[in-house]
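Asks: Structure, please.
(one chain, ligands or ions: 3)
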Amino acid sequence: MAENQTPDILYTKVDEAPELASASLLPIIRKFAAAAGIEVGTKDISVAGRILSTFPEYLKEEQRISDDLAELGELVKTPDANVIKLPNISASVPQLTAAIAELQAQGFAVPNYPEEPSTDEEKAVRAKYDAIKGSAVNPVLREGNSDRRAAKAVKNYAQKNPHSMGKWASDSKTKVSSMSDSDFFANEKSATITAAQAGDAKIEFVAKDGAVSVLKAGWPLEEGTVADATFMSVRALSAFLAEAIEDTKSDGTMFSLHMKATMMKVSDPIIFGYAVKAWLAPVFEKFGDEMAALGVNVNSGMGDLLERVKGNAEIMAAIEAVAAERPAMYMVDSDKGITNLHVPSDVIIDASMPAVIRAGGKGWDEKGQKGDTNCVIPDRCYATVYDEAINFFKANGALDPSTAGAVANVGLMAQKAEEYGSHPTTFEAPADGEIRVVLANGETLHSHAVEAGDIWRACTVKKAPIENWIQLALDRQRLTGSEAIFWLDSARAHDAQLIEYVKPALETAGVADKFQIMAPREATAQSLKTITAGADSIAITGNVLRDYLTDLFPILELGTSAKMLSIVKLMNGGGLFETGAGGSAPKHVQQLVAENHLRWDSMGEFCALGESFNFLADTKGNAKAGVLGAAAEAATQGILDFNRSPSRKVGEPDNRDSHYWFARYWAEALAAQSDYAALAAEFAPIAKALADGEEAILGELAAVQGVKVDLGGYFNTDPTKTAAVMRPSATLNAIIG
Ligand SMILES: NC(=O)C1=CN([C@@H]2O[C@H](COP(=O)(O)OP(=O)(O)OC[C@H]3O[C@@H](n4cnc5c(N)ncnc54)[C@H](OP(=O)(O)O)[C@@H]3O)[C@@H](O)[C@H]2O)C=CC1
Ligand SMILES: O=C(O)CCC(=O)C(=O)O
Ligand SMILES: [Mg+2]
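Replies: Ligands and ions are numbered 1, 2, ... in the order given. Modelled structure (predicted):
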């Protein structure tokens, strides 16, 4: 590779558990790749990295770093992209402010997050931080639709080694509660943009007196784009939340709220804030002004609120008095007193609802007791999936992972598709009035009468991504012969527009009989029936259901979504290989710091690695990459066959042990192959050294566990300290270099 050229493969530097894992795994990957002349570069997309690259003017020359996310965002639009993307933090405001404080303490003079920006400078800083906040990475890199599924070997392993499942009682009181009206589902309008309507649209607010203000101008709508608008009435939301709290109390269950405040970074923290307000309603009635003066912002959660009011004994007493009257609360960490409402990013629906369902409908309350829970999901667009799953398991008992088939997913994700691209077009109504979408030709596309504070949003999905998604579905169905269902609700405005694309495409391809179109509730019931019978199904879904289902089904089938294969065929020809379908597992970092055991499972990385090398082989005719890819697949199989995945408990093999085994099986497979004699010769002594060193290496890895460790930071760890913690085997390091 010539200098200054993009490396053959780019591996992302992220945060939390997967980044710790990289400190051990990446040196191994680099060594093996280098032997085949393949360069593996890195790009920093961590939240700390994004903060530092955004504020060069606040930093000393030597502290400045490049804007790697912007560079990657360009690269994924080219056929040369070959990116291995690990999960990264999508920061809520409390996470963002914690990261800022840590960087400042480390000597980086980045500005504070302006809670209430007033000067122009503060407003500019706030706008920059808002671009770092929430799901700021994935939508930039996802220039393709997603193909998420369990590799055959992973699925076979799960069937042979079924994980534990909670029991579902038919009289379980666990349920899903949603609004019955005035939510996003009820108010949705959708249309497909015609040639005459295409061009830069704007979003306007029309006050009661007729005054028009522009909420967003220059909003490009291309021909063929499906453009939606909807809103949630906050008056109805507040009434619903108050009722849900009372209902939970009379059920004798615990209250839980499941949102996606990270990807839906504008709307969902607001909804979360209304829940905090509803929970503490009597306190707000009495002390609303005092709390406002103390800078309370409910959208940041109860944790932030308590921090601000803790000096006021009266308010604290009022909060305690309310707690005594409330139902039990679903906890994030009952030992530490962290509730569901503490931080908006602690309970994230895609991971949290499957965890409840896998546990047999159970959560943990303040006393650390297991119990049934009222799962509050205000909007109905997708809540029906969980409602139906819960009904299904109440009626049929828990899924049996030893016999269950698999639900794979083909997700419409490219180019900020659907709700997950809506944050720049989400607004709180400034007053009572009307919000409308006005097209380039002057026509009003959608309009809604709103009340002050209502959460209005518009979102789009473009024609080329829709067509690409349908094609991907056709390909996956043809390759597998599985049941294939488009999860689309003909009674929902947006879905009805998509069906207008899907039906003719299926007819043209002559495969209409191989696909079904079902609303999410019916599709859930059908898919669960199919996998219960041991067969497979392909869920062809929009972006939100892609996210939800690729945690739900793997967590039920495999025990975790960490083992998913997550391929994004980029629309311009490149490849983005996401590792797993889960997140950055903050719990795992806490455990590592407390007892030097990292239970992160790198199966997602292993699967992505094989795919990435194979892709390099296919697209660049790099035969050596193909050999490395096949050997990486054999190593992945070895991890499964010999049970080398990390254990959850200190004192047992962890993430680092699994990397040793991966390196060993990889080297053995390379030494054994005959396609490239030179590679075999190069890896034979490495394989031998790894085998000869087994006892020493495993001993050195085991010896370090059980004590506290220091990483020199949380968001911006010290690379030397992290490497020392994650690479504690001198014997292994001597072989890997
Ligand atoms: N693609 C991406 O970039 C994604 C990023 N995120 C971000 O990650 C953070 C945490 O999100 P959260 O919703 O809590 O989800 P996580 O998936 O990080 O955590 C949920 C649980 O899943 C299990 N888990 C996840 N990955 C692994 C793994 N590789 N090995 C073993 N177990 C695993 C762990 O459970 P156990 O208790 O069993 O160990 C973990 O505590 C947030 O900042 C979120 O925004 C979230 C999803 C995707
Ligand atoms: O980008 C994010 O915030 C989370 C992404 C996610 O959960 C997913 O893609 O499954
Ligand atoms: Mg997800």
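Asks: In which helix or strand does the nearest residue to residue 602 once chain neighbours are set aside reside?
Replies: Using C-beta to C-beta, 6 or more residues apart in numbering and skipping the chain neighbours, the partner closest in space to residue 602 is residue 21 (5.2 Å). Bear in mind the C-beta positions are built from the backbone N, C-alpha and C, glycine included. Assigned by DSSP states H and E, residue 21 belongs to helix 16-35.
Asks: And residue 678, by the same measure?
Replies: helix 677-692.
Asks: What angle do helix 16-35 and that helix make with each other?
Replies: Angle between the axes of helix 677-692 and helix 16-35 is 130 degrees (criterion: axes from the mean of the first three to the mean of the last three C-alpha atoms, to 10 degrees).
Asks: dump the residue contacts of the residue nearest to residue 602.
Replies: Applying C-beta atoms under 8 Å, 6 or more residues apart in numbering, we find residue 21 in contact with 598, 600, 602, 605, 655, 659, 726.
Asks: Tell me the one among these nearest to ligand 1.
Replies: Using C-beta to the nearest ligand atom, residue 600 is the member of the contacts of residue 21 that sits closest to ligand 1, with 4.7 Å.
Asks: What is the neighbour count of residue 295?
Replies: A total of 14 residues lie near residue 295 under the criterion other C-beta atoms under 10 Å.
Asks: doesn't residue 305 make contact with it?
Replies: No - with contact defined as C-beta atoms under 8 Å, residue 295 and residue 305 do not form a contacting pair (9.7 Å).
Asks: need the strands for the stretch 1-150 of the chain, in chain order.
Replies: Secondary structure of the stretch 1-150 of the chain by DSSP state E, counting those that start in this stretch: the strands cover 9-13, 40-44, 82-85, 144-150.
Asks: typed the wrong thing, it's the stretch 201-350 of the chain
Replies: 212-221, 226-232, 254-257, 328-329, 331-333, 338-339.
Asks: which residue packs closest to the residue of the stretch 301-450 of the chain found nearest ligand 2, ignoring adjacent ones?
Replies: Nearest residue of the stretch 301-450 of the chain to ligand 2 (C-beta to the nearest ligand atom) works out as residue 350 at 5.1 Å. Of all residues not flanking residue 350 in the chain, residue 551 sits nearest, at 4.4 Å (C-beta to C-beta, 6+ apart).
Asks: Distance check, the residue in the chain that ligand 1 sits nearest to against ligand 2.
Replies: Residue of the chain nearest ligand 1, by C-beta to the nearest ligand atom: residue 583 (2.4 Å). For residue 583, the distance to ligand 2 (C-beta to the nearest ligand atom, to the nearest Å) stands at 6 Å.
Asks: for residue 732, same thing?
Replies: 32 Å.
Asks: Does anything pack onto the one helix or strand that residue maps to? Which helices or strands?
Replies: Take DSSP H and E as the rule and residue 732 turns out to sit in helix 730-736. In terms of contacts (3 or more C-beta pairs under 8 Å, 6 or more residues apart in numbering; DSSP states H and E), helix 730-736 is packed against helix 16-35, helix 655-672, helix 677-692, helix 694-703.
Asks: buried ones in the shortest one?
Replies: Along helix 694-703, the positions that meet the burial threshold by neighbour count (16 or more other C-beta atoms under 10 Å) are 697, 698, 700, 701, 702.
Asks: Could you do the third one as well?
Replies: Along helix 677-692, the positions that meet the burial threshold by neighbour count (16+ other C-beta under 10 Å) are 679, 680, 682, 683, 686, 687, 689, 690.
Asks: Now do the residue nearest to the last one when sequence neighbours are not counted, the pLDDT please.
Replies: In other words, residue 690. Using C-beta to C-beta, 6+ apart and skipping residues adjacent in sequence, the residue nearest residue 690 is residue 664, 4.2 Å away. If you check residue 664, the pLDDT there is 98.
Asks: who touches residue 664 in this structure?
Replies: Counting by C-beta under 8 Å, 6+ apart, residue 664 has contacts 635, 687, 690, 691, 694.
Asks: Tell me the one among those nearest to ligand 3.
Replies: Using C-beta to the ion, residue 635 comes nearest to ligand 3 of these, at 26.4 Å.
Asks: Tell me how many other residues crowd that closest one.
Replies: Neighbours around residue 635, by other C-beta under 10 Å: 24.
Asks: and if you look at residue 230?
Replies: 25.
Asks: for ligand 2, what are the nearby residues on the stretch 401-550 of the chain?
Replies: Residues of the stretch 401-550 of the chain lying close to ligand 2 (C-beta under 6 Å from any ligand atom) are 547, 550.
Asks: Could you list the low-confidence segments of the stretch 401-550 of the chain?
Replies: Counting by pLDDT under 70, the stretch 401-550 of the chain contains no low-confidence range.
Asks: what about the helices in it?
Replies: 463-480, 493-509, 520-532, 543-557 (DSSP state H, counting those that start in this stretch).
Asks: what's the most buried one of those?
Replies: Of all those, helix 543-557 carries the top mean neighbour count, a mean of 26, counting by mean count of other C-beta atoms under 10 Å.
Asks: does any bit of that one sit next to ligand 1?
Replies: No - using C-beta under 6 Å from any ligand atom, helix 543-557 stays clear of ligand 1, coming no nearer than 7.3 Å.
Asks: Using PDB, list the CA coordinates for the helix or strand just after that helix.
Replies: Tracing the chain past helix 543-557, the next element assigned as helix or strand by DSSP H and E is strand 564-570. Output of strand 564-570 as PDB, limited to C-alpha atoms (Å, rounded to 0.1, in the frame of the first residue of the first chain):
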ATOM      1  CA  MET A 564     -24.900 -11.200  15.400                       C
ATOM      2  CA  LEU A 565     -23.500 -10.700  11.900                       C
ATOM      3  CA  SER A 566     -24.200  -7.200  10.800                       C
ATOM      4  CA  ILE A 567     -23.400  -6.500   7.200                       C
ATOM      5  CA  VAL A 568     -24.100  -3.100   5.600                       C
ATOM      6  CA  LYS A 569     -23.700  -3.300   1.800                       C
ATOM      7  CA  LEU A 570     -23.000   0.300   1.100                       C
END
